[in-house]
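1. Dropping a prediction and its sequence here:
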Amino acid sequence: EVLLEESGGGLVQAGGTLRLSCTYSGIGFNDVAVGWVRRAPEKEREGVACISFHRYSIVYGDSVKGRFTISRDDSKKTVYLQMSTLKPEDTAQYYCVAGEDWCRVGNLNADLPFWGKGTLVRVSS
């Protein structure tokens, strides 16, 4: 069973930083990739970033490039999303997601089989 658990959300002022963590278990399939998707009120779901475990690829959404960094620590079975220069429009529920062979440019909004429960990020102006 694949389990994903997010943590690290909260309230931060515009321009600030925040780090989200996603602790995973049960991921044992080939070409697995873990990433982050966000949902804001009255907005469509948006793929934020992903990291492929076997292809060593990383992809970012256009709206977060240069501000967000995704990384992983295999010893802790955790994927991180370091968010800097946060903007009010980054306010959203952030979900950790996982699937097989999906971390490619143009594919961040793929329908994925595994989701965490989400963590809320609020950026005040």
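-> Happy to help now that I have it.
2. Determine the three-state secondary structure at the nearest residue to C50 once chain neighbours are set aside.
-> For C50, ignoring the flanking residues on the chain, the nearest one in space by Cβ to Cβ, 6 or more residues apart in numbering is G35 at 3.0 Å. Using the backbone N, CA and C atoms, a C-beta is placed for each residue, glycine as well. Here G35 is recorded as strand under DSSP: H, G, I helix; E, B strand; the rest coil.
3. Distance check, G35 against C22.
-> Distance from G35 to C22, counting by Cβ to Cβ, to the nearest Å: 9 Å.
4. again, but for L4
-> The gap separating L4 from C22 is 6 Å, by Cβ to Cβ.
5. Pick out whichever of these two has more residues nearby.
-> Between L4 and C22, counted using other Cβ atoms under 10 Å, the more crowded position is C22 (26 against 21).
6. The more buried one and P41, how far apart?
-> C22 sits 22 Å away from P41, taking Cβ to Cβ as the criterion.
7. likewise T91?
-> Counting by Cβ to Cβ, the gap from T91 to P41 is 9 Å.
8. Between the two, which is the more surrounded one?
-> Using other Cβ under 10 Å, the more surrounded residue of T91 and P41 is T91, with 20 against 7.
9. mind listing what that one touches?
-> 40, 121-123 (Cβ atoms under 8 Å, 6 or more residues apart in numbering).
10. In TSV, list the residues you listed along with distance to R55, neighbour count and secondary structure.
-> TSV is the format used below for the contacts of T91 (distance: Cβ to Cβ, whole Å; neighbours: other Cβ atoms under 10 Å; DSSP: H, G, I helix; E, B strand; the rest coil):
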residue	distance to R55	neighbour count	secondary structure
A40	29	15	coil
V121	28	22	strand
R122	33	15	strand
V123	32	20	strand
